[in-house]
Every structure is written in structure tokens, then in C-alpha cells.
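Chemist: mind looking at a prediction? Sequence and model below.
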Amino acid sequence: MAVRTADNAYDAVVIGGGAAGLNGALMLARSRRSVAVIDSGTPRNAPADGVHGLLGQEGVPPAELLRRGREEVRGYGGTVATGEVTDAVPADPSAEGDPRFTVTLADGTVLRARRLLVATGLRDVLPDVPGLARHWGHGVVHCPYCHGWEVRDEPIGVLAVGPASVHHALLFRQLTDDLVYFTRGTELDQETRARFDARGIRVEETPVASVESAESTGGGDGGAIEGVRLTDGRTVPRRVLAVATTMLARTDGLDGLKLPMEDLPGGMGRHFATGPAGATSVRGVWVAGNATDPAAQVGASAAAGALAGARINADLVTADTDAALAAALVLDPRTGRG
């Protein structure tokens, strides 16, 4: 990994090179802070064709958005490098008690930092349904705001995973008149059934066996979803499937920081627990983006990164001023020397 400083010491190291991490780094670099971004190169939205709901960047391919972001950070003197963090731990503080951290990469590089911004994002875990994963990000979607317009008016199926799927179905009903809710063993109360019936949502309670594609049945549609095969042998024709994933914050290499975590309601995942602007209970560490807010789209993640970056700079300004004041107080007032 190429580094900008001779001793690999930075004001801030950002772990994660997505929208949150890059925007946090941009704020820091524009504040004349030395900052390094460590990017694993595995963004959550990599399978998507475009980013949506981001003003001024509607439809931009995810890879292109990140390329621009990396270029902007570097334009202000920041370092952006591809790497895997294997260990991030607190180090001995400065003489004034200012936090310090060491960040170790898979290639053996060790960085030193005064502050950390964790923007590792999350990992989506799909239900174990044969044939489902291959369509992730295209025929299989999770967010009506990220992908809804693109799948409007298609025959959509919702693969239930729990109570959250009920609201999920109602959101996708806004996008199509042809919606089937596959219960997959989950329970629906009478009130929910009545609400579904009122909106014309068909409920299918026969267990799901697999997701069938046109390619697997000899069609020529490039492997697009053809339908959902049930255990009784029937196939329910569908072109799009919506599923609420289990969302798990990426924590690889971060155990040494002992950052607090929380479970999402309904067993839908786990994320880092943060306060205002992504501050954590570990002094000197902030978290931004999907690692702490699983529901955040690209725009919200970028905004969170910018806010965290600004707060980190403000914290460093206070520390720098305190250190300067302490140094001034030990000078001999007659000579200006210690």
C-alpha cells in the first residue's frame, strides 16, 4: 500500500472506501488533515446497475461514483489505498492524553492514527433458497427506493422472512398491481390478511422450493427470473423478487476496538451503536454509513460520513489547541524557552 507520510502517521484513518468513508475523508482532507482511506474494494452495491435517489447523480454506476470520490479525496492530498484491515486497536495516548490507534493491514503495513472513522458498511445475508443468490442486485432486490422505479409494473414476488416483510410487501405494492406474497412459513394475522386483500396482494402459503430462471428451463432470456417453484410442483410466474435481507455490519479486523453493537428488531441483523454524528463510546472512534444505519441509502451514508468527518476535525482542533496551550504554559516568560 502506498502511503503519503514518511512514518505512516495520520490525523485520521478511514476504514472503508464507500460513500460514507470517502465523504468523511473529503471533509477531513479539505480541512488540511492528513487522512488515509483503506478500501477493501467490495462495496455493498457493486451488483447494482446504478445509484438512485442521489440528487445530481441519479443513475450513476456505483463504480463510477466511487472512482470520482477517490479522485476528489486525492485531489485534496488524501491517501486512498486498497487493502484489508486485519487489526485496529488503541495505542498509548499522547503525553496530553490524546487518543492514538494502530491499524494493521493484510500486507503487514501498519498505520498510526489520532482518530478513526469506521465506514465498513454491511453484508446482506439472503434466505437460503436455491437459485436466489445468483439474481441478487438485478432480479432480486431489497429496497423499493433503490430499485423500485426500475422494476415498476413487473410481476413481483415478496419472499417473507418475518414481520418486516409485511411492510416490505405494502411498499412494493406501490410499484406494481401484480404482487404475490410467499409466506415461507411465517405467520399472517387476520388484520394483515385483510389489508393485503384490500390492496389486491395474493398470499401463497405453499413452501418455496427454488427460484427458477429462464436459462435453467431452456429459455433464452439470459438467466432472468422466470418464477418461484413451490414444493407441490407448481411454478408461480414472477419476474422480480423482493426480500428483506439480514444486515450485518462488517466487523472484520475491528474486534480490538471493542465498539458497542446492537441487534436490529426482529432478528434482522446487527450494527454498531453510535450517538450523534456517529460518535461511539470509544474515544476517538466514529462510525458512519450502513455499518451503523442499515437503512441508509448512498446519499444518507455520504451525508453521515461528511458529518462524522467534520466532527472528527473539530475534535482534533480542540486537541491541537489544548496541546498548544499546554506547551505555552511551560515556557519561560522571560526567554520564551522551556
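Modeler: Yep, it's here.
Chemist: rest of the way, CA atoms for contacts and neighbours
Modeler: Noted.
Chemist: can you give me the helices for the stretch 1-150 of the chain?
Modeler: Along the stretch 1-150 of the chain, the segments classed as helices by DSSP state H, counting those that start in this stretch run 19-30, 62-75, 144-147.
Chemist: ok, which of the ones you listed comes nearest residue 112?
Modeler: Of all the helices of the stretch 1-150 of the chain, helix 19-30 sits nearest to residue 112, with 15.8 Å by CA to CA.
Chemist: what packs against the strand ranked longest in the chain?
Modeler: For the chain, the strand with the greatest residue count under DSSP state E is strand 110-118. Under the contact criterion of 3 or more CA pairs under 8 Å, 6 or more residues apart in numbering; DSSP states H and E, strand 110-118 touches strand 9-15, helix 19-30, strand 100-105, strand 285-287, helix 298-329.
Chemist: let me know the average pLDDT across the second one.
Modeler: When the per-residue pLDDT values of helix 19-30 are averaged, the result is 98.
Chemist: tell me which residues are up against that helix.
Modeler: The contact list for helix 19-30, computed with CA atoms under 8 Å, 6 or more residues apart in numbering, reads 14-16, 34-37, 66, 69-70, 72-73, 76-78, 117-120, 288-289, 298-299, 301-310, 312-313.
Chemist: who wins for proximity to residue 154 among the helices and strands packed on strand 110-118?
Modeler: Nearest to residue 154 among the helices and strands packed on strand 110-118 is helix 298-329; the distance by CA to CA comes to 24.8 Å.
Chemist: buried residues in that closest one, which are they?
Modeler: Along helix 298-329, these residues count as buried under the neighbour rule (16 or more other CA atoms under 10 Å): 298-313, 316, 319, 323.
Chemist: care to break this structure down by domain?
Modeler: Using automatic domain parsing, the domain ranges for the chain come out as 9-123+246-329, 127-242.
Chemist: most packed of the ones you listed?
Modeler: Ranked by mean neighbour count, the domains of the chain are led by domain 9-123+246-329 with a mean of 19 (mean count of other CA atoms under 10 Å).
Chemist: distance from the chain centre to that one, please.
Modeler: Centre-to-centre, domain 9-123+246-329 and its host chain are 11 Å apart (CA atoms, centre = their mean, to the nearest Å).
Chemist: next, give phi and psi for the residue nearest to residue 129 when sequence neighbours are not counted.
Modeler: Distances taken as CA to CA, 6 or more residues apart in numbering put residue 210 closest to residue 129, at 5.7 Å, once the chain neighbours are dropped. Note on residue 210: backbone dihedrals following degrees, to the nearest 10 are phi -170, psi 170.
Chemist: correct me if wrong: residue 210 contacts residue 133.
Modeler: No: using CA atoms under 8 Å, residue 210 makes no contact with residue 133, being 10.8 Å away.
Chemist: now the strands for the stretch 51-200 of the chain?
Modeler: 79-82, 85-91, 100-105, 110-118, 122-125, 140-141, 156-159, 179-182 (DSSP state E, counting those that start in this stretch).
Chemist: export those to a markdown table and append columns for distance to residue 246 and mean pLDDT.
Modeler: Below are the strands of the stretch 51-200 of the chain laid out as a markdown table (distance: least, CA to CA, whole Å; pLDDT from 0 to 100):
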| stretch | distance to residue 246 | mean pLDDT |
| --- | --- | --- |
| strand 79-82 | 27 | 96 |
| strand 85-91 | 23 | 97 |
| strand 100-105 | 28 | 97 |
| strand 110-118 | 20 | 97 |
| strand 122-125 | 5 | 95 |
| strand 140-141 | 13 | 96 |
| strand 156-159 | 13 | 98 |
| strand 179-182 | 17 | 98 |
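Chemist: tabulate those strands (CSV), appending distance to residue 238.
Modeler: Putting the strands of the stretch 51-200 of the chain into CSV (distance: least, CA to CA, whole Å) gives the following:
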stretch, distance to residue 238
strand 79-82, 39
strand 85-91, 41
strand 100-105, 44
strand 110-118, 39
strand 122-125, 22
strand 140-141, 11
strand 156-159, 6
strand 179-182, 9
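Chemist: from residue 66, how far off is residue 76?
Modeler: 16 Å (CA to CA, to the nearest Å).
Chemist: correction: residue 304
Modeler: 16 Å.
Chemist: likewise for residue 264?
Modeler: For residue 264, the distance to residue 66 (CA to CA) stands at 28 Å.
Chemist: for the chain, give me the ranges with low pLDDT.
Modeler: The model of the chain has pLDDT under 70 over residues 1-6, 215-222, 331-338.
Chemist: same thing but 90
Modeler: Filtered on pLDDT under 90, the chain yields the residue ranges 1-8, 41-55, 57, 59, 95-96, 137-138, 146-147, 214-223, 266-267, 325-338.
Chemist: go ahead and confirm residue 211 touches residue 228.
Modeler: Yes: under the criterion of CA under 8 Å, residue 211 makes contact with residue 228 at 4.7 Å.
Chemist: do you know how far residue 126 is from residue 244?
Modeler: As judged by CA to CA, residue 126 and residue 244 stand 8 Å apart.
Chemist: look at the two and report which has more neighbours.
Modeler: More crowded of residue 126 and residue 244, by other CA atoms under 10 Å: residue 244, with 22 against 17.
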